[in-house]
Every structure is written in structure tokens, then in C-alpha cells.
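Trainee: fold the following, please.
(one chain, ligands or ions: 1)
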Amino acid sequence: MQFALTPAQHALQARIATLASSLQDPLLHERDRACEFSRPLWQAMASAGLHLLPAPAEYGGQALGALDLALALETLGEQVPDTGLVFALAAHLCACIHPLLTFGSESQQKEWLPQIGKQGWLGAHAITEAQAGSDISAMRTRAQREGQGYRISGRKCYISNAPVCDFLIVHARTGESGSFLDYSSFVLDRHSSGVHISATPHEKLGLRTTAMGDVEFDGVWVHESQRLGKEGSGGPIFQASMAWERSCLFAMYLGTMKRQLRACWSHVEEREQFGRPLIEQQSLAHRLADMQLRYESARLLCLRAAWSLDLPQPARGDASLAAKLALSEAAVLNGLDAVHLHGALGMLSGAIERELRNALPSSVFSGGSEVLKNQLVQQLRGDYKREARGGR
Ligand SMILES: Cc1cc2nc3c(=O)[nH]c(=O)nc-3n(C[C@H](O)[C@H](O)[C@H](O)COP(=O)(O)OP(=O)(O)OC[C@H]3O[C@@H](n4cnc5c(N)ncnc54)[C@H](O)[C@@H]3O)c2cc1C
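Mentor: Numbering: from 1, shown residues only. Sure thing, here's the model as predicted:
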């Protein structure tokens with residue numbers, strides 16, 4: 001078993017860290033309060049090619065696999081304090097670029113990737129609906145066959161990047177068999193006739209600098225060449241996007257936790273109460289030990305899950321489920337510990353409380369913790385039963 005990063009992976013992290021120096025924003029605090037996404041910082045990321053990292057070089061990408069993408073997003077999470085900006089990039093890469101690269105035909109890639117590349121286009125991935133959150137089988141948005149294409153009608157909610165996006169990957173119902181094959185995925189321009197996107201982003205607790213909004217599809221006609229994969233392959237496409245989100249997108253939280261740990265160490269070494277530094281109080285030192293353990297265990301699970309996605313025969317989804325569960329739990333608990341260790345200072349508006357707020361949504365998006373635990377137990381129970389039957 002090899003745990004060390006390769007020289008190429010170290011070089012990738014160093015390149016990303018250098019790029020990150022141009023993504024610092026002295027007005028982050030004000031933008032966070034105002035729920036404001038920064039288009040200039042997005043353009044800076046796009047100019048550096050970060051928005052196409054997994055794409056082949058001919059499209060301006062670096063052909064990164066899942067593990068390398070996780071390492072890149074981990075580095076950005078650590079170096080760029082605007083976690084909402086990194087989340088916007090990671091959601092675009094895992095849920096828009098990845099499906100285009102994996103399920104898009106050659107002609108779809110030739111049509112979409114060059115414009116995304118040259119014009120710095122930002123994508124949004126729309127599946128959730130008011131009545132279809134954890135349970136996507138309740139989806140009502142429908143793509144009705146019409147001529148050489150489909151007419152899409154319905155409303156999607158809580159869509160990251162929607163108010164500022166340039167293109168959308170949307171999932172809609174194309175069947176009524178009651179199976180996983182009832183959905184299809186489409187790629188479309190945000191300016192397509194009948195697409196209405198809420199202009200003002202939702203005001204939310206965390207990740208406030210990512211713009212989130214709702215999207216109405218009012219009889220939007222799309223040509224069948226805009227469908228990704230075959231009709232009915234939306235379920236597997238969604239599953240693949242989720243595996244990438246749960247493994248690669250969540251790596252950004254490894255970076256934020258590392259930054260947070262550094263801030264906590266600096267505080268407990270410098271702050272003195274009762275005549276000695278806080279770190280010399282065993283109960284506080286143990287909190288730091290717990291934070292480090294959560295961070296290290298989540299990192300191992302995350303990188304293992306990303307590594308397994310790069311295998312010729314990717315492992316089934318439980319590696320990414322476990323990674324996402326561990327990472328979201330670690331991010332939230334470490335965020336709470338960091339606030340506590342900083343005392344009143346941690347409660348004041350600033351980097352420490354902001355990272356706690358940024359961590360809180362992580363147990364809801366890309367699959368709520370309870371729903372993922374249900375899925376994990378279902379898989380483990382199947383394993384147990386097979387083993388009990390003697391591997392038959
Ligand atoms: C920051 C953020 C970004 C998002 N970005 C996007 C996006 O880009 N695109 C998109 O399509 N959607 C997006 N979403 C929506 C997200 O996918 C949904 O919030 C998620 O699927 C949960 O749905 P819900 O919010 O309706 O909660 P519900 O499904 O109503 O669940 C509420 C709670 O109940 C739990 N629960 C649900 N069912 C069960 C069960 N069977 N057993 C036990 N517990 C259960 C859930 O875990 C959750 O804690 C985003 C959400 C957030 C918070």
C-alpha cells in the first residue's frame with residue numbers, strides 16, 4: 001500500500017497553491033454578509049483553467065482524474081478563504097463538467113467544452129425540487145417527447161450557481177415505469193427560451209458566497225442532441241456525479257479543516273489564561289487531538305474514495321458514501337470545536353465562525369447523512385447476508 005503522493009501530485013498542489021494567491025479577497029467578509037458571489041474571482045479561476053481541470057488538454061484542461069482533482073480542491077480549500085467560491089467551482093466540476101466528459105458524446109463535447117473553456121462559462125446542476133429532495137423519485141419536472149426533441153416543464157430548487165450560471169445540466173422525468181430508468185439528463189444554455197432563473201440568490205446560513213437559486217422550466221424545447229447518454233440514463237448519470245461530489249468536492253473541506261487547525265494551534269499557544277497558554281489545559285489539548293483525528297480519518301477515507309473512482313473498474317459507491325459521511329461530520333464537529341477554543345473571539349463575525357457556517361450544509365447536500373447511512377447499511381447488510389451464505 002502506497003500512501004505517499006507522487007512528484008507529479010506534489011507539483012500539482014504547488015501549482016494550485018501559487019494560483020490561489022490571485023484568489024484572495026480583502027472584501028470577503030463584506031461579500032459573505034451580502035451573500036455575493038464574485039464573478040471577477042470566478043473569471044480569474046477560469047483564466048487559469050481551473051474550471052476545466054478534468055478535461056483533456058485539447059479543451060484547455062489538465063485531464064485530472066478523481067484523486068488528482070481531490071488534491072487540487074483540497075489545496076484550494078486550504079489556500080482560498082472564500083469557501084463559497086471553491087464550492088461553486090467544485091460543484092461545476094463534479095456535477096457539470098464530469099457528466100459532460102463521461103456521458104457526453106464527442107459532438108456534445110466539441111460543442112460545449114470550447115465555449116465553457118474560452119468564455120469561462122459556469123455550470124449549474126439541477127435535480128432537487130420542492131417535493132423531491134432526498135427522494136428524487138418524487139421528481140415532477142418532465143421532458144415530454146416532441147418532434148426531434150423534448151419539451152421540459154417543471155421547477156428546480158436550491159440550485160448552486162443558478163443565478164450566475166451560463167449553462168445547466170438538468171434532470172427530468174422521461175418515463176413512468178417507477179424505476180431508476182425514468183429520468184434523463186440534458187445540457188442547455190441558460191438563455192434557452194422558457195428558462196427562468198431567480199435573479200436574487202437565496203440568503204443562506206453558510207456557503208453564502210456561492211449563489212443559490214431556483215430554476216423554472218416553462219415548456220423549454222431542447223433538441224435530442226442535448227440529451228446526455230441514452231433516454232433513461234439520468235439515474236446512473238446522477239449517481240456518477242454524486243460519487244464525484246462525495247469524493248472530490250468534499251476534499252475542499254479537508255483544506256478548510258487544515259487552515260482551521262492551524263488557526264486553533266496559533267490561538268491556544270498564544271492565548272494565556274490562569275498564567276499559562278490554553279494548550280497546557282489538558283481538556284483543550286484533547287479537543288485538538290480529536291480535531292486532528294477527525295481530519296486525518298476523513299482525509300484517508302476521502303482520498304481512498306477518489307482513488308477508487310480512478311480504477312479501471314470503479315468500486316461500488318460505499319467508499320464515497322463513507323468519505324462524505326466522515327468528512328461532513330468532521331467539518332461540522334471541528335467547526336464547533338474551533339469556535340469553542342476561541343471563546344468569545346470565536347463567536348464574533350469572522351473566519352472561525354464563518355467556517356462553521358460553511359460546514360453546516362455539508363451534512364445535507366450530495367445526500368443527507370441519514371439517507372446515506374440508510375444506503376450504507378443496505379449495502380453492508382447485503383454483504384453480511386452473502387458472507388453468511390458462504391459467499392454464494
Ligand atoms: C448548500 C446547498 C447546495 C445545494 N446545491 C444543490 C444543487 O446544486 N443542485 C440540486 O439539485 N440541489 C442542491 N441542493 C439541494 C440538496 O440536494 C437537498 O437539500 C438535499 O437533497 C436534501 O433535500 P431537502 O433539503 O429537501 O431535505 P429533505 O429531503 O426534506 O430532508 C430533510 C432531512 O431529513 C432527512 N431525511 C430525508 N429522508 C430521510 C429518510 N428516509 N430517513 C432518515 N432521514 C431522512 C435528511 O437527511 C435531512 O436531514 C443544495 C442544498 C444545499 C444545502
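
Trainee: phi, psi for the residue of the chain most remote from its centre please.
Mentor: Relative to the C-alpha centroid of the chain, counting by CA atoms, centre = their mean, Gly275 is the outermost residue, at 44.1 Å. For Gly275, the backbone dihedrals (degrees, to the nearest 10) come out as phi 80, psi 10.

Trainee: pLDDT score assigned to it?
Mentor: The confidence metric pLDDT takes the value 98 at Gly275.

Trainee: Gly391 too?
Mentor: Looking at Gly391, its pLDDT reads 65.

Trainee: same deal with Ala126?
Mentor: 98.

Trainee: from the ligand, how far out is Lys286?
Mentor: Quick fix: residue 286 reads His, not Lys. 29 Å (CB to the nearest ligand atom, to the nearest Å). Any C-beta I mention is one placed from the backbone N, CA and C, and that applies to glycine too.

Trainee: repeat for Gly235
Mentor: 14 Å.

Trainee: neighbours of the closest residue to Leu19 other than its chain neighbours, how many?
Mentor: Spatially, and ignoring its direct neighbours in sequence, Leu19 is nearest to Ala48 (4.9 Å; CB to CB, 6 or more residues apart in numbering). When neighbours are counted by other CB atoms under 10 Å, Ala48 registers 16.

Trainee: same check, this time on Leu23
Mentor: Neighbourhood size, Leu23 [other CB under 10 Å]: 21.

Trainee: wait, does the helix or strand containing Ala323 contact the ligand?
Mentor: Using DSSP states H and E, Ala323 sits within helix 318-341. No: remark: helix 318-341 sits outside contact range of the ligand, by CB under 6 Å from any ligand atom, the gap being at least 10.8 Å.

Trainee: after that helix, next one along is what?
Mentor: Per DSSP H and E, the first helix or strand lying C-terminal to helix 318-341 is helix 344-347.

Trainee: which parts of this structure sit against the ligand?
Mentor: Residues of the chain lying close to the ligand by CB under 6 Å from any ligand atom are 91, 125-128, 133-134, 158-160, 207, 212, 361, 364-365, 368-371, 374.

Trainee: now list the buried members of those residues.
Mentor: Ala91, His125, Ala126, Ile127, Thr128, Tyr158, Ile159, Ser160, Leu207, Met212, Pro361, Phe365 (16 or more other CB atoms under 10 Å).

Trainee: wait, isn't the fourth one in contact with Met139?
Mentor: Yes: using CB atoms under 8 Å as the test, Ile127 is close enough to Met139 to be in contact (7.4 Å).

Trainee: which residues do these two both contact?
Mentor: Residues touching both Ile127 and Met139 (CB atoms under 8 Å, 6 or more residues apart in numbering) are His171.

Trainee: sketch out the low-pLDDT regions of this protein for me.
Mentor: By pLDDT under 70, the weakly predicted segments of the chain are 391-392.

Trainee: tilt between the lengthiest helix in it and helix 318-341?
Mentor: Counting residues, the longest helix found in the chain (DSSP state H) is helix 282-309. In terms of direction (axes from the mean of the first three to the mean of the last three CA atoms, to 10 degrees), helix 282-309 departs from helix 318-341 by 160 degrees.

Trainee: now the stretch 201-350 of the chain against the ligand: closest residue?
Mentor: Here the stretch 201-350 of the chain gets closest to the ligand at one residue, Leu207, 5.0 Å apart by CB to the nearest ligand atom.

Trainee: and that residue, what element?
Mentor: Using DSSP H and E, Leu207 is not contained in any helix or strand.

Trainee: list the contacts for the closest residue in space to it that isn't next to it in sequence?
Mentor: Nearest residue to Leu207, sequence neighbours excluded (CB to CB, 6+ apart): Gly84, at 4.6 Å. Shown in contact with Gly84 (CB under 8 Å, 6+ apart): Asp32, Phe37, Leu207, Arg208, Thr209, Thr210, Asn358.

Trainee: right, and the helix or strand after the helix or strand harbouring Gly84?
Mentor: Using DSSP H and E, Gly84 maps to helix 83-92. Scanning forward in sequence from helix 83-92 by DSSP H and E, the next helix or strand is helix 98-103.

Trainee: before we move on, the earlier item: now the contacts of Gly84 in JSON lines, with secondary structure and distance to Glu387?
Mentor: What follows is those, written out as JSON lines (DSSP: H, G, I helix; E, B strand; the rest coil; distance: CB to CB, whole Å):
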{"residue": "Asp32", "secondary structure": "helix", "distance to Glu387": "49"}
{"residue": "Phe37", "secondary structure": "coil", "distance to Glu387": "49"}
{"residue": "Leu207", "secondary structure": "coil", "distance to Glu387": "41"}
{"residue": "Arg208", "secondary structure": "coil", "distance to Glu387": "46"}
{"residue": "Thr209", "secondary structure": "coil", "distance to Glu387": "47"}
{"residue": "Thr210", "secondary structure": "coil", "distance to Glu387": "43"}
{"residue": "Asn358", "secondary structure": "helix", "distance to Glu387": "40"}
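
Trainee: just those now: which is nearest Gln282?
Mentor: Distance to Gln282 across the contacts of Gly84 (CB to CB) is lowest for Asn358, with 29.7 Å.

Trainee: hmm, Thr256 and that closest one touching each other?
Mentor: Yes: in this structure Asn358 lies within contact range of Thr256 using CB under 8 Å: 6.9 Å.

Trainee: what touches both of those two?
Mentor: Overlap of the contact sets of Asn358 and Thr256 (by CB under 8 Å, 6+ apart) consists of Thr83.

Trainee: phi, psi for Phe365 please.
Mentor: The phi and psi torsions at Phe365 (degrees, to the nearest 10) take the values phi -80, psi 160.

Trainee: would you mind measuring from Ala113 to Ser107?
Mentor: In this structure residue 113 is Leu, not Ala. 11 Å (CB to CB, to the nearest Å).
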